[in-house]
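> how does the following fold in three dimensions:
(one chain, ligands or ions: 1)
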Amino acid sequence: MNQDSMRIPQATAKRLPLYYRFIQNLHSSGKQRVSSAELSEAVKVDSATIRRDFSYFGALGKKGYGYNVSYLLSFFRKTLDQDEVTNVALIGVGNLGTAFLNYNFMKNNNTKIQMAFDVDQDKVGTIIGDVPIYHLDDLEEKLKKASVQVAILTVPSQAAQSITDRLADSEIKGLLNFTPARLTVPASIRVHHIDLAVELQSLVYFLKNYPEVAEEKSQ
Ligand code: ATP
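Numbering: from 1, shown residues only. Predicted structure coming up:
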């Protein structure tokens, strides 16, 4: 994100890609304005939060008019650096890693997995979903050549920290960690942790212990 977005609270910043995706759809269907109530229904964020989020970037909706779709789209593009592709590397081409290689991230945002790494000789040298798979031994050299700044970790958890230590010595600035390992990184690297098993368990826990909330929301 660019300098202007520095003042936006982190919780708001995290919702921007969600808003951006929806606004993009509205724009391509030719819609020129959108109300916070419509946005709220589509992205499942309450409209007071949307109004507050939008006020941070100066998009002040008018009562009875809503927000201008083109303005929002150009704001999101600029803020999310959508004019510039972010090169991503994936490390660990197992079941989850393979699914990511086959998934077209470019559909919804400007991130592209440029390369993947593994230690399995059967996988090294192959190409999955247009993405070449290199040996982990070549990590530093390949990352540097392609100016990769973001890495996705889908290796077994016991391999995660040592790979992270190597990434810490590279130009990597962001790490999306899908392993259950809690990683230690220098201040120069930002880690977002997604543990799918924990998320699923947490959902089941909430369904069992707070069933009334789900019922209220569906009404
Ligand atoms: P997933 O957890 O994605 O479903 P999986 O169960 O198929 O994967 P894992 O054992 O979790 O397999 O390994 C994921 C991938 O990480 C495999 O392709 C494996 O070869 C690779 N891998 C294992 N150790 C390393 C390492 N040190 N560096 C890079 N890749 C590794």
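> make it CA atoms for all contacts and neighbour counts henceforth
Noted.
> tell me the SS of N87?
Assigned by DSSP: H, G, I helix; E, B strand; the rest coil, the conformation of N87 is strand.
> got phi/psi on T154?
Main-chain torsions, T154, degrees, to the nearest 10: phi -130, psi 40.
> for it, grab the count of nearby residues.
24 (other Cα atoms under 10 Å).
> check the gap between it and V93 for me.
7 Å (Cα to Cα, to the nearest Å).
> ditto for Y71
From Y71 to V93 the distance is 40 Å (Cα to Cα).
> more neighbours: which of these two?
Between Y71 and V93, counting by other Cα under 10 Å, V93 is the more crowded of the two (23 against 13).
> just the element for that one, please.
If you go by DSSP states H and E, V93 is not part of any helix or strand.
> the strand ranked longest in the chain - contacts with which helices or strands?
Assignment by DSSP state E gives strand 111-118 as the longest strand of the chain. Secondary-structure packing of strand 111-118 (3 or more Cα pairs under 8 Å, 6 or more residues apart in numbering; DSSP states H and E): strand 86-91, strand 131-135.
> go ahead and name everything in contact with that strand.
Strand 111-118 is contacted from outside by 85-93, 101, 105-106, 124, 131-136, 139, using Cα atoms under 8 Å, 6 or more residues apart in numbering.
> in its sheet, what does it sit against?
Sheet partners assigned to strand 111-118 using DSSP bridges are listed as strand 86-91 (parallel), strand 131-135 (parallel).
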